[in-house]
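Asks: sharing a model prediction with you, sequence too.
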Amino acid sequence: MSNKPFDLIIWGASGFTGKLVVEYLNRQYGQGRGLTWAIAGRNQEKLEAVLKGMGDPQIPIFLADSEDAASLNTLARQTKVICTTVGPYAKYGSDLVRVCVENGVDYCDLTGEVQWIRRMIDQHHEQAKANGTKIVHCCGFDSIPSDMGVFFLQKEAFQKREAYCEEIKLRVKAMKGGFSGGTIASLNNVLIEAQEDPSIFEILQNPYALNPPGERMGRDEIDLDKFAYDEDFEGWISPFVMAAINTKVVRRSHALAGYPYGRDFRYEEATFNGPGRKGKWSARLTTRAIKVLSDSKPNSFMKKLVDRFSPKPGEGPSAQQRENGFFNLALLGKWREGGTMYVKVTGDRDPGYGSTSKMLGESAVCLAKDRERLPQQFGVITPSIAMGDALLERLVQNAGLTFEVSSRHQYR
């Protein structure tokens, strides 16, 4: 890769999230400060408008089309890494992954489309593994805080006791943010694909759907779909909408690492609603809202109602909403022999966009600039397996995330 003119190219730079990634990289790295990068998309005028809105920085522009393999090939030959925000990925991302694998170009995205990730693993993992390419999905709020949070907790657990935790629970303590039209479009596409192909429901429901062949089994069950009382956190919990992808990514990381936490390792996620009667009612209402949305079929009245009041592609939370957003996650680890460890993971912007754009940007830079430090694992892999400690450092130093061992009383 040393002869490539660019370290990385942002594909989809004029989209809502793509623009945020470009703004972050320009603010954090600019040009001529150790990182050579460019932006790409289909429309020259829109790409120029993005740069004009930032004061016309001298960032190169490339044109390509997700449905034109030749243009994607040309793009891939210019760079070490392609970072893409173009979704729904199941509709617009498959050729780009294939081109990156064929050209030996590392890749990262922020998809949460489980059925598509499964296809990419089946189609490209072995070739990418053979030619030393890293294809890294889920480099945004889903699923970096979960994947890297477990990575951090287990690292601390081993340092403390020379033993990994056999069970980890993640609880969403608080978060504030909004949805973009692109996220809504991706969720809609998953529902449409599942309606057309019932086998996709099996992928969505299987806790180990992203594990290697022959290893899609374990002690974990389907993600929480009701409200319940959690004795460990002394309060009520409800389903967490991102758990369906996050938990599968964490389990794939564990499998790719060779099961260091044990074959009976357990992991699950939920939203923490608090103690007492207030917590119970909050958990009940959250569960009901998620069930209504998840049961809404394409073209149903409820689905059309949700779509009517949802942001359209290219729309999303305002700059003020992004800056005022945040997330606060608690992870509890349990050792087999007894004892617990708490870890707190936080982000300083809204999880879906302000924070996600920084996580994705740093993932791309990490792949491009830290290659000699990265784990020597390749294929269609997860953030922690692809980048490990190097990414953890970048997230803390640059992306506004914190990972810290905490105490039990903070989470009562």
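Replies: Cool, the structure landed. Numbering: from 1, shown residues only.
Asks: only C-alpha atoms for contact and neighbour calcs from this point on.
Replies: Fine.
Asks: can you map out the strands along the protein?
Replies: Taking DSSP state E to define them, one finds strands in the chain at 6-11, 37-41, 61-63, 79-84, 106-108, 134-136, 165-176, 228-230, 235-238, 266-274, 326-335, 340-347, 379-381, 401-406.
Asks: partner strands of the first one, parallel or antiparallel?
Replies: Pointing back at strand 6-11 there. strand 37-41 (parallel), strand 79-84 (parallel) (DSSP bridges).
Asks: about what we covered before: need the strands of the chain in JSON lines with mean pLDDT, can you?
Replies: As requested, those are exported to JSON lines (pLDDT from 0 to 100):
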{"stretch": "strand 6-11", "mean pLDDT": "98"}
{"stretch": "strand 37-41", "mean pLDDT": "98"}
{"stretch": "strand 61-63", "mean pLDDT": "97"}
{"stretch": "strand 79-84", "mean pLDDT": "98"}
{"stretch": "strand 106-108", "mean pLDDT": "98"}
{"stretch": "strand 134-136", "mean pLDDT": "98"}
{"stretch": "strand 165-176", "mean pLDDT": "96"}
{"stretch": "strand 228-230", "mean pLDDT": "98"}
{"stretch": "strand 235-238", "mean pLDDT": "97"}
{"stretch": "strand 266-274", "mean pLDDT": "97"}
{"stretch": "strand 326-335", "mean pLDDT": "97"}
{"stretch": "strand 340-347", "mean pLDDT": "97"}
{"stretch": "strand 379-381", "mean pLDDT": "98"}
{"stretch": "strand 401-406", "mean pLDDT": "96"}
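Asks: and these as a markdown table, adding distance to Ala90?
Replies: Converted to a markdown table, these look like this (distance: least, CA to CA, whole Å):
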| stretch | distance to Ala90 |
| --- | --- |
| strand 6-11 | 16 |
| strand 37-41 | 18 |
| strand 61-63 | 21 |
| strand 79-84 | 13 |
| strand 106-108 | 15 |
| strand 134-136 | 15 |
| strand 165-176 | 28 |
| strand 228-230 | 34 |
| strand 235-238 | 29 |
| strand 266-274 | 25 |
| strand 326-335 | 28 |
| strand 340-347 | 28 |
| strand 379-381 | 15 |
| strand 401-406 | 29 |
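Asks: about what we covered before: make TSV from the strands paired with strand 6-11 and add distance to Gly149 and mean neighbour count to it.
Replies: TSV is the format used below for the strands paired with strand 6-11 (distance: least, CA to CA, whole Å; neighbours: other CA atoms under 10 Å):
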stretch	distance to Gly149	mean neighbour count
strand 37-41	29	24
strand 79-84	22	28
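Asks: domain ranges for the chain, per the record?
Replies: Domains of the chain are assigned by automatic domain parsing as 6-140+355-397, 144-351+400-411.
Asks: and those domains, which is most packed in?
Replies: Counting by mean count of other CA atoms under 10 Å, domain 6-140+355-397 has the highest mean neighbour count of these, with a mean of 20.
Asks: that domain spans what distance, first to last residue?
Replies: End-to-end distance of domain 6-140+355-397: 23 Å, with CA to CA, to the nearest Å as the criterion.
Asks: what's in contact with stretch 84-97?
Replies: The contact list for stretch 84-97, computed with CA atoms under 8 Å, 6 or more residues apart in numbering, reads 10-13, 15, 17-18, 66-67, 69, 72, 107-111, 113, 116, 120, 135, 182-183, 185-186, 189.
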